[in-house]
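[1] Sequence first, predicted coordinates after that:
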Amino acid sequence: MSGTALQAQGLEAGYGALQILFGIDLTVGQGEHVLVFGPNGAGKSTLIKALFGLVAPSAGQVTLAGRDVTGQAPERMVGQGMAYVPQVSNVFGTMSVQENLEIGGASLPVAQRNRRIEEMVTLFPVLGDRRKQAAGTLSGGERQMLALARALIPEPSVLLLDEPSAGVAPKIVEEIFLLVSGLRQTGVSVLMIEQNARQALPHVDRGYVLESGQVRMEDSAAALRDSAEIAELYLGG
Ligand SMILES: Nc1ncnc2c1ncn2[C@@H]1O[C@H](COP(=O)(O)OP(=O)(O)OP(=O)(O)O)[C@@H](O)[C@H]1O
Ligand SMILES: [Mg+2]
């Protein structure tokens, strides 16, 4: 690991008067894959939104490759190398697969955009077979792949994934995790939220347990898998 890709320090955020995050410290090293897990309502999606500028932090700092980006608008985050795949509504359902991919590359010169679309179709062959199909008619797994592909088109340095296994058939979940894990070759850093921690942990380097808007535990993926406490609380015994 040669440096820090993404860092949150003392990050606080919420919705109006409702505070959800209470001083989150989190680091993703360059090329590192990091998992955030914890119970429903812990603030995992809020954390990722605060990192990406969709929810304004009320305190603390977010840095991207050492540069302060705290509270910047999502478009600017994208311009600086961050990409975000939301937990829900992560594709435009009435638009075709091809159109969704084109939107992902909207900020790129046409030739580069088209090259990246072809690269994504090679990485996710199932999308190539369905270019003209409306994204809303894709299966859960195909849709997550489209959302991933779209986010990857601008060649982000940091990828934020909010529950990529949500709405995906169990036998496809492993495929999604393997695809994300395979992105290591590109050097992209990944911060992934997952309910399905048991299945996700083998594919990441480190993990954070988030509970009630605070980091409850932080360790290597192997140590978290071996922890009896984590197993009992979050991995189903
Ligand atoms: N737009 C909003 N306005 C008000 N409260 C919100 C809003 N979005 C989320 N919340 C609340 O913030 C808390 C944390 O929600 P968040 O979505 O971050 O949790 P989560 O850990 O991602 O949960 P899950 O595992 O169910 O996805 C919840 O109590 C939720 O009801
Ligand atoms: Mg969530």
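    All right, it came through fine. Numbers count the residues shown, from 1 in each chain. Ligands and ions are numbered 1, 2, ... in the order given.

[2] Which residue is it, in the chain, that comes closest to ligand 2?
    Ser45 (3.2 Å; C-beta to the ion). Glycine gets a C-beta too; all of them are placed from N, C-alpha and C.

[3] pretty sure that residue is touching Gln87, no?
    Yes - between Ser45 and Gln87 there is a contact under C-beta atoms under 8 Å: 5.5 Å.

[4] Quick one: the helices in the chain, in order.
    With DSSP state H as the criterion, the chain has helices at 44-52, 74-79, 97-104, 110-123, 125-128, 140-152, 170-182, 197-200, 221-226, 228-234.

[5] Reformat the ones you listed as JSON lines; add mean neighbour count and distance to ligand 1.
    Output for the helices of the chain, formatted as JSON lines (neighbours: other C-beta atoms under 10 Å; distance: least, C-beta to the nearest ligand atom, whole Å):
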{"stretch": "helix 44-52", "mean neighbour count": "24", "distance to ligand 1": "3"}
{"stretch": "helix 74-79", "mean neighbour count": "15", "distance to ligand 1": "15"}
{"stretch": "helix 97-104", "mean neighbour count": "21", "distance to ligand 1": "23"}
{"stretch": "helix 110-123", "mean neighbour count": "15", "distance to ligand 1": "27"}
{"stretch": "helix 125-128", "mean neighbour count": "16", "distance to ligand 1": "26"}
{"stretch": "helix 140-152", "mean neighbour count": "23", "distance to ligand 1": "15"}
{"stretch": "helix 170-182", "mean neighbour count": "16", "distance to ligand 1": "16"}
{"stretch": "helix 197-200", "mean neighbour count": "20", "distance to ligand 1": "11"}
{"stretch": "helix 221-226", "mean neighbour count": "16", "distance to ligand 1": "17"}
{"stretch": "helix 228-234", "mean neighbour count": "15", "distance to ligand 1": "12"}
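
[6] Which of those helices has the lowest mean pLDDT?
    Among the helices of the chain, helix 228-234 carries the lowest mean pLDDT, at a mean of 78.

[7] Report the contact partners of the closest residue to Glu174 other than its chain neighbours.
    Closest residue to Glu174 apart from its sequence neighbours, by C-beta to C-beta, 6 or more residues apart in numbering: Gln199 at 6.8 Å. If a contact means C-beta atoms under 8 Å, 6 or more residues apart in numbering, then Gln199 has Ser165, Val173, Glu174, Phe177 as its contacts.

[8] I'd like to know how far the last one sits from Ser189.
    Right, Phe177. Separation of Phe177 from Ser189 (C-beta to C-beta, to the nearest Å) stands at 16 Å.

[9] cool, Val126 as well?
    From Val126 over to Ser189 (counting by C-beta to C-beta), the distance is 25 Å.

[10] picking that back up, in terms of distance to Leu35, which of the contacts of Gln199 ranks first?
    Taking C-beta to C-beta as the measure, Leu35 lies nearest Phe177 of the contacts of Gln199, at 10.1 Å.

[11] so Ser96 makes contact with Lys132?
    Yes - applying C-beta under 8 Å, one finds Ser96 in contact with Lys132, separated by 5.3 Å.

[12] Which residues of the protein lie near ligand 2?
    Selection of the chain residues close to ligand 2 by C-beta under 5 Å from the ion yields Lys44, Ser45, Gln87.

[13] Just give me the residue closest to the centre of this protein.
    Nearest to the mean C-alpha position of the chain, by C-alpha atoms, centre = their mean, lies Leu161 at 1.5 Å.

[14] wait, that one sits on Val180?
    Yes - Leu161 lies in contact with Val180 (C-beta under 8 Å); the separation is 6.8 Å.

[15] List the residues that are in contact with both of these two.
    With C-beta under 8 Å, 6+ apart as the test, Leu161 and Val180 both reach Leu148, Val190, Met192.
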